[in-house]
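Chemist: no sequence for this one, just the structure:
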């Protein structure tokens with residue numbers, strides 16, 4: 001089993017600029033989509049919590065680019081857990097082009113810091129990372145995360 005959660009994506013024309021390269025904001029969109037698909041496929045209990053009052057606020061995102069990609073390139077967006085604190089998570093994302101001959105090329109690398117909050121929109125307060133999310137993320141931890149298995 002790989003140590004990352006994978007979301008596959010085929011680049012479309014609408015994601016490219018006038019020169020034919022992928023516009024940078026799409027890399028950030030793909031981070032969000034990868035995170036959403038992780039919740040749907042690996043942590044559905046957390047989705048119910050989000051429908052109640054859990055909020056996952058993105059605090060920081062970044063992306064470093066190594067190579068260009070264009071329309072119809074096949075990508076693997078690979079998410080790993082980089083850090084787990086009581087109320088925050090940090091993910092890394094590797095953007096890998098999957099070539100028809102089986103080769104893989106690292107195109108970009110990103111990070112995303114997320115805070116867990118609860119309460120109505122006008123009065124949100126920090127909240128512990130849900131145990132269901134910690135459990136779902138455990139196989140994708142980049143290194144041993146000391147908070148895995150903590151008691152709330």
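Modeler: Great, that's in hand. What you see is a predicted model, and the numbers here were worked out from it, not measured in a lab.

Chemist: quick one: residues in contact with stretch 126-142.
Modeler: When contacts are defined by Cβ atoms under 8 Å, 6 or more residues apart in numbering, stretch 126-142 is touched by residues 1, 3-5, 38, 42-43, 45-46, 49, 54, 79-82, 84-89, 92, 115-118, 147-150, 152. From N, CA and C alone the C-beta is placed, and that goes for glycine too.

Chemist: just the buried residues out of these, in ChimeraX syntax.
Modeler: Command for ChimeraX, covering only those of the contacts of stretch 126-142 found buried under the criterion 16 or more other Cβ atoms under 10 Å:
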select :4,5,38,42,43,46,49,54,79,80,81,82,84,89,92,115,116,117,118
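
Chemist: confirm that residue 49 sits in a strand.
Modeler: No - secondary structure assignment places residue 49 outside any strand; it is helix (DSSP: H, G, I helix; E, B strand; the rest coil).

Chemist: any idea how far the residue sitting nearest the centre point of the chain is from residue 128?
Modeler: The centroid of the chain falls nearest to residue 35 when counting by Cα atoms, centre = their mean (3.8 Å). For residue 35, the distance to residue 128 equals 19 Å [Cβ to Cβ, to the nearest Å].
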